[in-house]
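Participant: Give me a 3D structure for the following:
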Amino acid sequence: MKKTKKITLAAMMSALGAALLLIGAFIEALDLAMGAVSSVIMIFVYIELGSPYTWLVWLVTSACTFLLGTGNPMAAIWYFLLFGIWPILKAYIERLPRVIWLLPKLIFANLIFAAAAGLYLLIFSVSPFGLDAKWMIALVWVVGNVAFVVYDMFVTAMAKVYLLKYRKRFSKLLK
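Facilitator: All right, here's what the predicted structure looks like:
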């Protein structure tokens, strides 16, 4: 594929990802769901365009979502910290021996959840649901790790679906 085509496709994927994230920002109940859906775009970009373009799409999508965002920056923050970067990091982590995949994945997830819990407590200085701060952090840790493992399986499943079912169709268009 020519470089011009790759840049154009990367720009289109960035715009699509930003549009999905902005829908999530407008409809607050969808901010995490749209982040997960937009991460499928990162899978496509990584497979078809390669690593440098994937990093570019992640940064451009994040920047556009922050700049164009509504009063709710949470969709952009979660995309920047987790949903956009995870498919990229997952590809690198899964090059390691299969036995040790889980450890770096959970370390990454727990760093993100610790940062999110710390920022939440710093900004709002109250814990939701009337919970003590220790219980709030424990709740985020347990629910976050379970959700992250499910999300990781979702990313793997979407990559397999694309590779096995749709890649042949897109390869004709991308030549």
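
Participant: Next, please give the residue ranges for the helices of the chain.
Facilitator: For the chain, applying DSSP state H gives helices covering 3-26, 31-49, 51-68, 74-78, 86-93, 102-124, 133-161, 167-173.

Participant: any low-confidence regions in this structure?
Facilitator: Along the chain, the model assigns pLDDT under 70 to residues 70-71, 120-121, 123-133.

Participant: how about CSV for the helices of the chain, with mean neighbour count added?
Facilitator: Where you see a C-beta, it was placed from the backbone N, CA and C, and this is true even at glycine. Rendered in CSV, the data for those read as follows (neighbours: other C-beta atoms under 10 Å):
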stretch, mean neighbour count
helix 3-26, 18
helix 31-49, 21
helix 51-68, 18
helix 74-78, 22
helix 86-93, 18
helix 102-124, 14
helix 133-161, 15
helix 167-173, 10
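
Participant: what separates stretch 68-88 from the chain centre, distance-wise?
Facilitator: In terms of C-alpha atoms, centre = their mean, to the nearest Å, the gap separating the centre of stretch 68-88 from the centre of its chain is 7 Å.

Participant: what's the span of it, first residue to last?
Facilitator: Its first and final residues considered, stretch 68-88 spans 24 Å by C-alpha to C-alpha, to the nearest Å.

Participant: which residues sit against it?
Facilitator: 17-18, 21-22, 24-26, 28, 31-32, 34-36, 38-39, 42-43, 46, 51, 54-55, 58, 61-62, 65-66, 108, 112, 115-116, 151-152, 155, 159 (C-beta atoms under 8 Å, 6 or more residues apart in numbering).

Participant: and the residue nearest to L106 when sequence neighbours are not counted, how far is that from M153?
Facilitator: For L106, the nearest residue in space outside its immediate sequence neighbours is N145; the separation is 6.7 Å by C-beta to C-beta, 6 or more residues apart in numbering. Taken as C-beta to C-beta, to the nearest Å, the spacing of N145 relative to M153 amounts to 13 Å.

Participant: K168 now?
Facilitator: Using C-beta to C-beta, K168 is found at 24 Å from M153.
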